[in-house]
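> No letters, just coordinates:
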């Protein structure tokens with residue numbers, strides 16, 4: 001099946017720009033095509049993301065597990081491995097090791113007591129089983145601070161999510177558990193705030 005040639009050529013350039021911005025410590029303000037995964041804690045965001053890859057590689061646990069944005073660049077290739085921007089040149093073929101590296105790199109910046117940071121982790125996964133896509137995993141929406149989280153943790157997480165999803169070029173993948181009434185979905189409410197008509201741009 002023929003793909004979108006222009007988009008296929010654009011994605012590698014987008015990936016390089018994301019890496020450059022991260023290395024400079026600058027928040028990327030360019031409107032580039034990305035899919036942001038938004039949902040409450042334990043809504044199933046990790047399972048959805050892992051299905052794009054076909055591998056289990058994201059940390060699991062109770063409370064807030066995703067505490068930094070994870071920019072996941074999927075690149076179709078002949079062999080399967082992962083690379084982190086902060087571990088330049090190291091190829092991860094064990095996806096359990098990928099999970100451990102995400103956990104340790106999260107703790108390195110945020111501490112181990114549930115703090116959050118808007119400094120992203122950049123992860124590339126090369127595989128013959130993926131489409132060329134850029135996805136962003138974001139902290140789950142929460143209302144009650146735990147550990148050493150500040151009292152305004154809900155506002156901090158909302159602000160972090162809005163940095164990504166308010167861009168017109170960002171596709172919002174709102175994840176809601178099947179046992180939740182969609183009328184009460186925080187992810188859908190947030191999506192409607194920035195895109196009330198639900199119209200793709």
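Structure's in. What do you need? Owing to the predicted nature of the structure, the values given are computational and were not obtained by experimental measurement. Numbering: from 1, shown residues only.

> For the residue nearest to residue 34 when sequence neighbours are not counted, what is the enclosing helix or strand?
Leaving aside its sequence neighbours, residue 34 sits nearest to residue 134 (C-beta to C-beta, 6 or more residues apart in numbering; 4.8 Å). The C-beta positions use only the backbone N, C-alpha and C, and glycine is treated the same way. According to DSSP states H and E, residue 134 maps onto strand 133-137.

> List the contacts of that strand.
Contact partners of strand 133-137, identified using C-beta atoms under 8 Å, 6 or more residues apart in numbering, comprise 11, 14-15, 18, 32-37, 45-46, 49, 52, 58, 66, 69-74, 120, 164, 173.

> Please, a PyMOL command that selects the buried ones among those?
To isolate the buried ones among these in PyMOL, judged by 16 or more other C-beta atoms under 10 Å, type:
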select buried, resi 11+14+15+18+32+34+35+36+37+45+46+49+52+58+66+69+70+71+72+73+74+120+164+173
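
> Show me the contacts of strand 133-137 that map onto helices.
Using DSSP state H, 11, 14, 15, 18, 45, 46, 49, 52, 164 are the members of those that sit in helices.

> Let me know the closest of these to residue 124.
Each of those was checked against residue 124 using C-beta to C-beta; the closest is residue 15, at 7.1 Å.

> Residue 23 versus the nearest residue to the closest one once chain neighbours are set aside, what's the distance?
Taking C-beta to C-beta, 6+ apart, and ignoring the residues beside it in sequence, residue 15 has residue 73 as its nearest neighbour in space, at 4.8 Å. According to C-beta to C-beta, to the nearest Å, residue 73 stands 14 Å off from residue 23.
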